[in-house]
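**Q** Sequence plus the predicted model coming up.
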Amino acid sequence: MTKSKDARVTVGLACTICTSKDAGDKSTGISRYTTRKNRRNTPVRLELKKFCACCHKHTYHKELKK
């Protein structure tokens, strides 16, 4: 059985460029990734540079709120 206060948690990452686009722009969607992080070692939100399929370039992806 896993404990509810595990050190490793699964987090979602969303593209910062796609989420900040205005409603008037043609949006093809939001690029999202999932990853695992250690809650004790990295208490701050993750920000990784990953490939966005919607923007067709490498952009920063920030951790989503729970």
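**A** The structure has been received and is ready for your questions.
**Q** In stretch 54-65, which residues are buried?
**A** Within stretch 54-65, the residues that count as buried by 16 or more other CB atoms under 10 Å are 54, 59, 61, 63. Placement of C-beta: from N, CA and C, glycine included.
**Q** quick one: which of the residues you listed is nearest R40?
**A** Nearest to R40 among those, counting by CB to CB, is E63 at 15.7 Å.
**Q** Would you check that that closest one makes contact with E47?
**A** Yes: counting by CB atoms under 8 Å, E63 touches E47, with 7.2 Å between them.
**Q** about what we covered before: and the buried residues of stretch 54-65, which two are the farthest apart?
**A** Using CB to CB, these span at most 18.3 Å, a distance reached by C54 and E63.
**Q** Which elements pack onto the helix or strand hosting L48?
**A** Taking DSSP states H and E as the criterion, L48 maps to strand 47-52. Applying 3 or more CB pairs under 8 Å, 6 or more residues apart in numbering; DSSP states H and E, we find strand 47-52 packed against strand 8-15, strand 32-38, strand 57-63.
**Q** For the residue nearest to the spatial centre of the chain, give the beta-bridge partners.
**A** Computing the C-alpha centroid of the chain and ranking residues by CA atoms, centre = their mean puts L13 first, at 0.9 Å. Beta bridges link L13 to Y33, E63 when assigned by DSSP bridges.
**Q** from here on, count from 6
**A** I'll keep to 6 as the first residue from here, and by that count the last item is L18.
**Q** quick one, what contacts C23?
**A** C23 makes contact with 32, 34-36, 57, 59-60, 64, according to CB atoms under 8 Å, 6 or more residues apart in numbering.
**Q** how about a cut-off of 7 Å?
**A** If you count contacts by CB atoms under 7 Å, 6 or more residues apart in numbering, C23 has them with 32, 35-36, 57, 59-60.
**Q** quick one: which two of these are the most distant?
**A** Top of the distance list for these (CB to CB): S32 and C57, 11.9 Å.
**Q** Who has more neighbours out of these two?
**A** Each of S32 and C57 has its neighbours counted (other CB atoms under 10 Å); C57 has more, 23 against 12.
**Q** Tell me the confidence at T7?
**A** At T7, the predicted lDDT confidence score is 58.
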